[in-house]
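>>> dropping a prediction and its sequence here:
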Amino acid sequence: MNTQQLSRALHELEAERVPADLDLWPRVRARLVAQPGEVRRGRWLPVTRLGWVAVALVALLAVGATARVAATAPVIGRLLQLFEPEIAHQDDSASLGQALNLSQAIDNVTVAVEWAYADAQRIRVGYTLRSSDGRRFDPCHMTLTDETGAPMPFAMGYGVTGEAERLDVALPPGEGSYVSVFANEAQGVAPGELLKLRLEAEAEELILPTPVPTSVPAAPGGPAANPKPGSVLLEPLPVGERLGPFVFEFSIPVAASSAK
């Protein structure tokens, strides 16, 4: 979805004369949800109900993904190749980050932290959310802190669900892979040293709205009538199940080279 499509969606919501006390975010999020086969990038608000707040235009996937990155975590490596090729193409092996094998399950949802990378400016964490029954869960309320408890401010995130030709991946229903990027504000950790981190996140079920009919059923013996603009009032979407927190503690080396 590009900026023009986002603007049109917001104007459509405004035209429906939404009550002032109605929470619009669930419907905005539903309109921004990528269709199966799309990849998404955006900035999140780390302490609110999260979705992809802003969606960037997707560039074509560069040819020849770095084999070492793909071997570390195939889908995560391809996401890096698409959205941050300056990371994937660095020759310094430290720039490839640290492969992790951390997972935690709550009820039928599993969060697996697969990869992390830190340099002097940024910290990147690659992870996967999957549900056993195919329901869609998105990450929310994600925080990253160092061993002193100091927060690493959230910068942006990107990910993929479903089948994406650009990435040559086909994820099963209920599974998504993501990369979250944080500013590195840890004090006293020099390049080459280990940075101890604690990641906390919740998972929230995404419930899509029931499509609104485009026409009013015809009266007996008469033609169908289209509803007038602004004549349909929105109802709040049901709040999906929220699970968590999922908590992970790990250490990663700080790369000597930095990528902006």
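Looks like it came in fine. Numbering: from 1, shown residues only.

>>> by contact count, what packs against the helix or strand residue 252 falls within?
Using DSSP states H and E, residue 252 falls within strand 242-253. For strand 242-253, the packing partners by 3 or more Cβ pairs under 8 Å, 6 or more residues apart in numbering; DSSP states H and E come out as strand 98-106, strand 109-118, strand 137-146, strand 194-205. For every residue, glycine as well, the C-beta is placed using N, CA and C.

>>> most packed of those?
Highest mean neighbour count of the helices and strands packed on strand 242-253: strand 109-118, a mean of 23 (counted as mean count of other Cβ atoms under 10 Å).

>>> just the angle for the helix or strand following that strand relative to strand 194-205, thanks.
The first helix or strand that comes after strand 109-118 along the chain, using DSSP H and E, is strand 122-131. Going by axes from the mean of the first three to the mean of the last three Cα atoms, to 10 degrees, strand 122-131 is angled at 40 degrees with respect to strand 194-205.

>>> and strand 122-131, what's its mean pLDDT?
The predicted model assigns strand 122-131 a mean pLDDT of 96.

>>> same check on stretch 147-162?
Per-residue pLDDT over stretch 147-162 has a mean of 94.

>>> what's near enough to touch residue 109?
Shown in contact with residue 109 (Cβ atoms under 8 Å, 6 or more residues apart in numbering): 129-132, 137, 203, 243.

>>> do residue 126 as well
The contact partners of residue 126, taken as Cβ under 8 Å, 6+ apart, are 73, 76, 79-80, 113-116, 177-179.

>>> what does residue 143 give?
46, 151, 154, 199-201.

>>> how close does it get to residue 252?
The gap separating residue 143 from residue 252 is 17 Å, by Cβ to Cβ, to the nearest Å.

>>> now swap in residue 161 and tell me
In this view, residue 161 and residue 252 are 26 Å apart by Cβ to Cβ.

>>> which one of those two has more residues nearby?
A side-by-side neighbour count of residue 161 and residue 252, using other Cβ atoms under 10 Å, places residue 161 first with 26 against 20.

>>> double-check the more buried one against residue 137; I have them as touching.
No - contact between residue 161 and residue 137 fails when scored by Cβ atoms under 8 Å: they sit 10.2 Å apart.

>>> please consider this matter closed, and thank you.
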